[in-house]
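sharing a model prediction with you, sequence too.
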Amino acid sequence: MHSTESRILVVDDDPTVAEVVTGYLERAGHAVDLAADGPAALRAAARRRPDLVVLDLMLPGMDGLEVCRRLRATVPVPVIMLTARGDEDDRILGLEIGADDYVTKPFSPRELVLRVESVLRRARTATVRPGPRMSRSGIALDPAARTASKDGRELALTLREFDLLAYLLARPGEAISRERLMHEVWGWEFGDLSTVTVHVRRLRGKIETDPAKPALIRTVWGVGYRFESEPEGDGEGEAEAVDAGVVGLNGVDHG
């Protein structure tokens, strides 16, 4: 099924969940390593780097958010978080600290496999087909080297933040919907639009002079976002108003 076998690290303290997830991933052609808590997950990742981590948010001792922080501080490995249905704040925080996707419990194992495939496919595409270097509005981006800088200072971007910036930077002045960003950048045919909103907000925090008054990634009311090659105006209040209106929308039934 796969041209190369992917290694997935599954981190969950519930042995039943871990067993079911492992079975579905192995049947989909992946190799799976298991860890029941945060320290064990970090040791497993250091011993043998995974291609992707499926990480439960509610772990004993060191929680999933801290594990995600530590993983992303050492290696740019994609992370899919498993969260309880009511943990929206933690889910949003997980996305903000670098998780690439989330699935809420109880979940369909088939859906989780689809999410894993989507994140892996995006990571492979980013590696195999780098585009040309781009430089606009003080931002320089090199897809081949996976580096980006603002006014000469390197930007610390997650995998998804980098892909989002590259996509917007390549289309200056074009209004792009959240649905299109979800499809083109995330590779999802369905999903929660707040995922896009959170990543745009986090990216603004790294490239805008004043993230509360975005001049580079502008909001297009009723549509989505536009990258301004030559910033105009101050965009006051855009980020908070739109993000408040979108975060929490849920287009996926995980039941």
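Yep, that arrived.

next one: residue 98, what pLDDT does it get?
If you check residue 98, the pLDDT there is 70.

the one 10 residues further on now?
Predicted confidence (pLDDT) at residue 108: the value is 87.

can you count the residues close to it?
By other CB atoms under 10 Å, the residues close to residue 108 number 13. (C-beta placed from N, C-alpha, C; glycine too.)

with residue 117 instead?
For residue 117, using other CB under 10 Å, the count is 18.

checking it next. Helix, strand or coil?
helix (DSSP: H, G, I helix; E, B strand; the rest coil).

gap between it and residue 143?
Going from residue 117 to residue 143 by CB to CB, to the nearest Å gives 22 Å.

how about residue 84?
Taking CB to CB, one finds residue 84 at 37 Å from residue 143.

comparing the two, which residue is more hemmed in?
Neighbour totals were compared for residue 84 and residue 143, and residue 143 leads with 20 against 14 (other CB under 10 Å).

my guess is that one meets residue 166, correct?
Yes: between residue 143 and residue 166 there is a contact at 5.8 Å, judged by CB atoms under 8 Å.

what do those two both touch?
Counting by CB atoms under 8 Å, 6 or more residues apart in numbering, the shared contacts of residue 143 and residue 166 are residue 131.

show residues contacting the one helix or strand residue 124 maps to.
Using DSSP states H and E, residue 124 sits within helix 109-128. Contacts to helix 109-128, defined as CB under 8 Å, 6+ apart, come from residues 6, 8, 20-21, 23-25, 28, 30, 51-52, 54, 78, 80, 100-101, 103, 143, 146, 159, 162-163, 185-188, 254.

ok, residue 173 - contacts?
With contact set as CB under 8 Å, 6+ apart, residue 173 has these partners: 226-229.

so it: helix, strand or coil?
Applying three-state DSSP: residue 173 is coil.

separation between it and residue 56?
Distance, residue 173 to residue 56, using CB to CB: 42 Å.
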